[in-house]
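Asker: Build the 3D model from these lines:
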Amino acid sequence: MFVFLLLLCLADGVVSQIRYSVPEEAEHGTFVGNIAEDLGLDLTKLSSRRFQVVPSSRTPYLEVNLENGVLFVNEKIDRERICKQSASCLLHLEVFLENPLELFRVEIEVVDINDNPPSFPETDITVEISESATPGTRFPLESAFDPDVGSNALRTYDITNNNYFYLDVQTQTDGNKFAELVLEKPLDREQQAMHRYVLTAVDGGQPPRTGTALLVVRVLDSNDNVPVFDQPVYSVNLAENAPVGTLVIQLNATDSDEGPNGEVIYSFSNHISSRVKELFDIDARTGRIEVRGEVDFEESSLYQIYVQAKDMGPNAVPAHCKVLVKVTDVNDNAPEIIFSTVTESVSENAATGTVIALLSVTDKDSEDNGQTHVEILGDVPFKLKTSFRNYYTIVTDGPLNRETVEAYTVTVVARDKGIPSLATSKSIKVHVSDENDNAPTFTQPIYDVYVTENNVPGAYIYAVSAVDPDVGQNAYITYSIVECEIQGMSVVTYVSINSENGYLYALRSFDYEQLKDFSFMVQARDSGSPELWSNATVNVIIVDQNDNAPSVIAPLGKNGTAREPLPRSAEPGYLVTRIVAMDADDGENARLSYSIQRGNENGMFRMDWRTGELRTARRVSVKRDPQQLYELLIEVRDHGQPPMSCSAVVQVTLVDSLVEGHSGERGTAKAKDASLDLTLILIIALGSVSFIFLLAMIVLAVRCQKDKKLNIYSTCLASDCCCLVGCGSCGSGGCCGRQARAARKKKKLSKSDIMLVQSTNTANVSVASAAQVPVEESGSFGSLHQSQNYCYQVCLTPESAKTDLMFLKACSPSRSNDTEHNPCGAIVTGYTDQQQPDIISNGSLLSSE
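Answerer: Predicted coordinates for the structure are as follows:
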């Protein structure tokens, strides 16, 4: 076995060609060559570079070990069956490697061996020769057939030695041998009517093989004229695919004899091939040769037809001629597109020039009919790149975006240059694989979530949603809450989120009076690599419910019963008292209305349902009002749904004058003061400590105001007292004295600017501006209340010139309005349900905010 290597480096070293030879009939496993070694490839990288055979070039006779590159015989090769009589018998393989792409063309020549002897179509060959035949007359004999080629093909013919004939071996233009029997000596039928010889066909193999047939020569009586053709050789052109019955040539042979001896019949010579007999037919009477089968230029471009003409007379001698049929090519074969390898998907981040597919284009026609032009149809980000001979690669020609186009149908069209032109198209589908190049996006950047207070812990409150145009894990979104603090506690103690669907749940029951709203951020994160995310803000607004009943804060008395005097001389519309109530709720839930439920059966009083003022509806009549005491049940009702209410009892005592009513009260107070003499010392001590503490807090507040430049309401401390009217029964007289002196140095506020609200606690007053507030008594509370003591808690803002006055109860030190350290943006109140502030500005009761 001989191995021939031929390396042909083409296309910048990417494609090479190598050639081997192997004898036919080699056994399975016969080593042909090592492709990898002969090409200088690294055997250790064959597997990683996916060394493989192009599927379209596979043959059952040869196999390649993809691990080491060894080419070996897989199945016994019969050259005669594969290539028939072709002088050259080649098998082709295409192998390639990836990363980078390298294509190698392997040609394997199947070498013929002398495994077939020549053989004759018939074992007995009969030749009839007239006795009048002259020496030198030739008689063509049937040719033997040897399927081997080259030196193993039929070489010569032999005949048994005799005195009458010898063989003249002729060679056709296609290289085939045929023998002619040449008459060497005249025959005499009367002496010998039959001659028998052994005809032997010998091939050129080593050792040579032979085939034999019995040649019988029958001597006939003479017919002294033979037919004559117009010319010995005819040449015609025939287009391939000519329909059956198409005239190839009209032959004409003449015989000068008359009668049956001059009547000529035509036939094919005995030594023409069986394929010619399948493709062509001759009319015995007319000599017309017609197309019988399908003539294909790609099968053969030239046919030789040997024709003989013989008369009908006895001892007829045939005449011979040769017809050369040249087949002209017709563009009857469309180009053929074969995809060797196709990448099903390509990353959307693939670089320009990434190989998608390898294909080959062939056309069986010749010349212009076999020249092809290949292109890709449509506007797609791919292009064709010539690789090697008729091989092409499809590569990317621009950026890919799966979110815009998920898959491309790439159609390759191959068109030949024949007339008319024929075209073939094939399509492949290339999917664009996803890369994590898109972050999740929330449907809106800010979500406003309204939650009614007193909600059930764990209740669903809202659902945030994000979308990701990617697919698979790159689009699988998980939700989470960005850590922050609300009122000094982690946001995850307030709300939670379902990581899969973005559902938000409240983890506690919210109280509008403690927390009006808060904000936090949610994050949507995909599962790609690397992970991408985005944030959105969630504003949770607590919606107020009517869950707090109103409470009466003024006037208050013992056991919930207030006592108010009414002069008998009071005119209609006289202000007896004003009911002041508060509601910790907001809006309509905190809008209050006042009414008298009981005790006003005789219509003595009327109640302003808006302001809570209790006034007389008529004059006091001795006859109609004989009793000295009216006990009125006052109801305060809010406007929530459902409404909530509270009630207070006001006892109105008829007196001759207000002085009389207050004198009785002073007597009672003196009796009580006698019982408190034992604790007087303790009260004085506590008052001194409170005063010192108040001074320290005022200094601290002024200093903080300068450092932080904030307008902060000063903390209201119950450490000093001031009796705005009637200081005598409110504690130490010294306190009121100091406040009175300080008040003479400050601007006085008129009744039109402020309104005082009665409180039940001791009259401790803390003023943010470090000054006491003197108040002028006016008629709206009654001009005769000089003996009535009222205690108030007051805080003024630093901008006290705006005449805003806020009445607060004691602030809880643990509650703070400072939002500076609140990262979640919570807005909270600093008061409990019993510590809501009452704000009166310019005579109007404001909401707790």
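Asker: Check which residues of the top helix by length along the chain are buried.
Answerer: When every helix of the chain is counted residue by residue (DSSP state H), the longest turns out to be helix 680-708. By neighbour count, and taking 16 or more other C-beta atoms under 10 Å as the criterion, the buried residues in helix 680-708 are Gly687, Ser690, Leu694, Met697, Ile698, Ala701. No exception for glycine: its C-beta is placed from N, CA and C like everyone else's.
Asker: ranges for the strands of the stretch 201-350 of the chain?
Answerer: Secondary structure of the stretch 201-350 of the chain (DSSP state E, counting those that start in this stretch): strands at 210-220, 228-229, 233-239, 247-250, 253-254, 264-268, 280-282, 288-291, 302-311, 319-328, 336-342, 345-347.
Asker: mind checking the end-to-end distance for stretch 454-470?
Answerer: Its start and end residues considered, stretch 454-470 measures 41 Å (C-alpha to C-alpha, to the nearest Å).
Asker: and that stretch, average pLDDT?
Answerer: Stretch 454-470 shows a mean pLDDT of 93.
Asker: for stretch 600-612, same thing?
Answerer: Model confidence over stretch 600-612 averages 89 on the pLDDT scale.
Asker: ok, now stretch 400-414?
Answerer: Per-residue pLDDT values across stretch 400-414 average out to 92.
Asker: Return the closest of the buried residues of helix 680-708 with respect to Ala475.
Answerer: Proximity of the buried residues of helix 680-708 to Ala475 was ranked by C-beta to C-beta; the top entry is Ala701 with 56.9 Å.
Asker: picking that back up, which one of the buried residues of helix 680-708 is nearest to Asp379?
Answerer: Nearest to Asp379, judged by C-beta to C-beta, of the buried residues of helix 680-708 is Ala701 at 75.5 Å.
Asker: residues in contact with the residue lying closest to Lys177 once chain neighbours are set aside?
Answerer: Excluding its sequence neighbours, the residue lying closest to Lys177 (C-beta to C-beta, 6 or more residues apart in numbering) is Leu154, at 5.0 Å. Each residue near Leu154 by C-beta atoms under 8 Å, 6 or more residues apart in numbering is listed here: Pro118, Ser143, Ala144, Phe145, Asp146, Asn176, Lys177, Ala201, Val202, Asp203, Gly204.
Asker: Tell me how far Leu154 lies from Gln172.
Answerer: Per C-beta to C-beta, to the nearest Å, Leu154 is found 11 Å from Gln172.
Asker: so the residue nearest to Lys177 bridges to which residues?
Answerer: Taking DSSP bridges, one finds Asp203 as the beta-bridge partners of Leu154.
Asker: Can you check the pLDDT for the closest residue to Ala459 other than its chain neighbours?
Answerer: In space, and not counting its chain neighbours, Ala459 is closest to Ala506: 5.5 Å by C-beta to C-beta, 6+ apart. Predicted confidence (pLDDT) at Ala506: the value is 95.
Asker: cool, the one 10 residues further on as well?
Answerer: Looking at Lys516, its pLDDT reads 90.
Asker: a helix runs through it, doesn't it?
Answerer: No - remark: Lys516 does not belong to a helix; assigned using DSSP: H, G, I helix; E, B strand; the rest coil, it is strand.
Asker: I'd guessed it sits against Val540; true?
Answerer: No - Lys516 is beyond contact range of Val540, at 9.9 Å (criterion: C-beta atoms under 8 Å).
Asker: Name the residue in the two with the higher neighbour count.
Answerer: Between Lys516 and Val540, counted using other C-beta atoms under 10 Å, the more crowded position is Val540 (26 against 20).
Asker: Contacts only, for Leu359.
Answerer: Remark: with contacts taken as C-beta under 8 Å, 6+ apart, Leu359 is in contact with Ile337, Ile338, Phe339, Ser340, Tyr391, Tyr392, Thr393, Ile394, Val412, Lys426.
Asker: Lovely, talk soon.
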